Every structure is written in structure tokens, then in C-alpha cells.
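Novice: What follows is a predicted structure for the sequence shown.
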Amino acid sequence: MSSPENQGIPEIPVSLTPQQAASGTVLRLPPGTGVRVPPVRIPPVRDGDVVRLHTADGEVRLRIRVTASPSAEKKQGLACLGVLGVIAVVVLLLVLTNRSGGSGDASDDAAGSSYSPSAPSYPTATATGEPSTGDPYSGTPDTGEPYSSDPYGTGDPYDGSPSPDPSPYTSGTCLNGTLPNSTTAQSVSGVEEVSCSASDAHYKVIETIPLTSDMSRCNDNPRTEYAFSSRYTINGATVNEYVYCLVGLGSYAR
């Protein structure tokens, strides 16, 4: 129902195609409407919407009617005809298939009534002599051990294991040999553990520092007179290393 303020405002029906209503369009009102205006821009609208148009003679309302285009109706009609044509072809193929199948069955029945296969003949065998009564397992089974020796052996395939690392010298251990009287690191040999009462006991270990070869670590011990490091390797790879802080014994004391 129109409101009182809309009474008296002329309303003109305008038909649009779905494409025009969806995207908007520009159209000219037909002469029979009595409204003289230039082409009007219609925005995107839906069926039943009202577009207000202001003219020199006053306000005009355009009532939108969305109608199917003739081309769409024509396409729908053609689609229906196409579907009906396909259905007709399928029905015709089914009828022809049933007829051909029935004639084939009839011919098979006719041919089957005249067919009489003869029974096949098989050769027969006649048993002669007495059946064997001997025990097929008359021999004594072998109870010997099938594997008299271990096929895989019991020896350790990895018998060449590396020897364990020698134990590091502990505090109080005495060493022989001669260490160079130098502040720079030098390679030495012939330094071994001996009894502290031995005549060739020249040095005594006062501190052992593992996992390093930095002999300057002994500078933290004020009693240190000599520093000695040893390294243990396997196949060229370092396994462990120690630094020993020493004091001299007898004439080796500083």
C-alpha cells in the first residue's frame, strides 16, 4: 500500500531483462507515458523495486519489472526439445536391442534341440599283481645332529679392539726423564712413571688438568716449576689429553 505522500505521484512500469537489471542500463521512456525526459540511467535493481525520477513536471516513480528475454525463452524451448530427442533415441535403441536379443535366443534354442553330444570315452587301467605291503619308511631315520659344528663360528670378529687409554698421572706421581728448561712447548720423550724413592725420580705431579693441552693453565698454581702435557690418539684422532703441573726433585728443583 502506498503512503499518503506517494499518492498522486505517477508510477510508470518499466520492463528490464535480467542482464539489464543486474548491471544497470540506460533507457528512454516510451512516448505514451506522457513524461518527456532525456535517457534515464537505471542502477542495478531487482524485480518490484521503485526508482524515483525528478523531472521538470515533478517527481515520477518507475516500477521495475524484470522479465525473461525472448532469446532465453527460445533457448529453454530448444533445450527441452533436445532432451526429448535424446530420450526418444534411447527408447528406440532399447527396443531394437530387445528384439535382436529375442531372435538370437530363438536361434540358439533351435540349434540346441538338434545337438546330441556323445559321451567321451576314457582309457581304463587294470590292476595286476598283489598290492605292495611293505613299509615305505622302513629305513631308520637319521638322529645325528645336522650341524655338528657351528657354521658361524664362536670367535669375536672384532678381536682387534683398541687398547684402553693409559690412566693419567695423579697428584703425587713421580716421573723420570728430562724436561727442557724452556718456556716454549717442546716435544719430549722418555718421560715415564717411577717410584718417588728411585734415583731417577726427577719430577713430582702436583696437579692434573684433563681435556686440555694448554700448559699455561699451570700458571694458576703458584707451586708449579714445570708443565708437561700428554695426548692419547687412536688412528690419528685425539681421544684424550692432559696437562700436568710438576715440581722438580733434587737437583731438578728450581
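Specialist: Ah, there it is. What you see is a predicted model; the values in this text were computed from it and never measured. Numbering: from 1, shown residues only.
Novice: State the pLDDT value of residue 37.
Specialist: Residue 37 carries a pLDDT value of 70.
Novice: What of residue 203?
Specialist: 96.
Novice: What of the one 3 residues further on?
Specialist: Here the pLDDT value assigned to residue 206 is 96.
Novice: Ok, residue 2 next?
Specialist: pLDDT at residue 2 comes out at 52.
Novice: Likewise for the one 4 residues further on?
Specialist: Residue 6 is assigned 58 on the pLDDT scale.
Novice: and if you look at residue 128?
Specialist: 50.
Novice: now swap in residue 134 and tell me
Specialist: Taking residue 134 on its own, its pLDDT is 59.
Novice: for residue 244, same thing?
Specialist: For residue 244, pLDDT reads 95.
Novice: pretty sure it is in a strand, no?
Specialist: Yes - per DSSP: H, G, I helix; E, B strand; the rest coil, residue 244 lies within a strand segment.
Novice: Quick check: it touching residue 225?
Specialist: No - the criterion here is C-beta atoms under 8 Å, and residue 244 misses it with residue 225 at 11.7 Å. Using the backbone N, CA and C atoms, a C-beta is placed for each residue, glycine as well.
Novice: if you count what's nearby, which of those two comes out ahead?
Specialist: residue 244 (26 against 18; other C-beta atoms under 10 Å).
Novice: Then residue 98 would be within a helix, right?
Specialist: Yes - under three-state DSSP, residue 98 sits within a helix.
Novice: all helices in the protein, in order from the N-terminus.
Specialist: Per DSSP state H, the chain carries helices over the ranges 18-23, 70-113.
Novice: what's the least confident stretch among those?
Specialist: helix 70-113 - the lowest mean pLDDT of these, at a mean of 69.
Novice: how about low-confidence regions in the stretch 101-250 of the chain?
Specialist: 101-166, 183 (pLDDT under 70).
Novice: any chance you could map the strands in it?
Specialist: 174-175, 193-194, 203-210, 226-234, 237-248 (DSSP state E, counting those that start in this stretch).
Novice: Looking at those strands, which is nearest to residue 44?
Specialist: Ranking the strands of the stretch 101-250 of the chain by distance to residue 44, with C-beta to C-beta as the measure, places strand 237-248 first at 81.7 Å.
Novice: strand partners of the closest one, parallel vs antiparallel please.
Specialist: As defined by DSSP bridges, the strand partners of strand 237-248 come to strand 203-210 (antiparallel), strand 226-234 (antiparallel).
Novice: could I get these as JSON lines with distance to residue 193 and mean neighbour count?
Specialist: Shown next, in JSON lines, are these (distance: least, C-beta to C-beta, whole Å; neighbours: other C-beta atoms under 10 Å):
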{"stretch": "strand 203-210", "distance to residue 193": "9", "mean neighbour count": "18"}
{"stretch": "strand 226-234", "distance to residue 193": "11", "mean neighbour count": "16"}
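Novice: export those to TSV and tack on distance to residue 184?
Specialist: Converted to TSV, the strands paired with strand 237-248 look like this (distance: least, C-beta to C-beta, whole Å):
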stretch	distance to residue 184
strand 203-210	18
strand 226-234	11
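Novice: Looking at these, spot the one closest to residue 30.
Specialist: strand 226-234 (106.9 Å).
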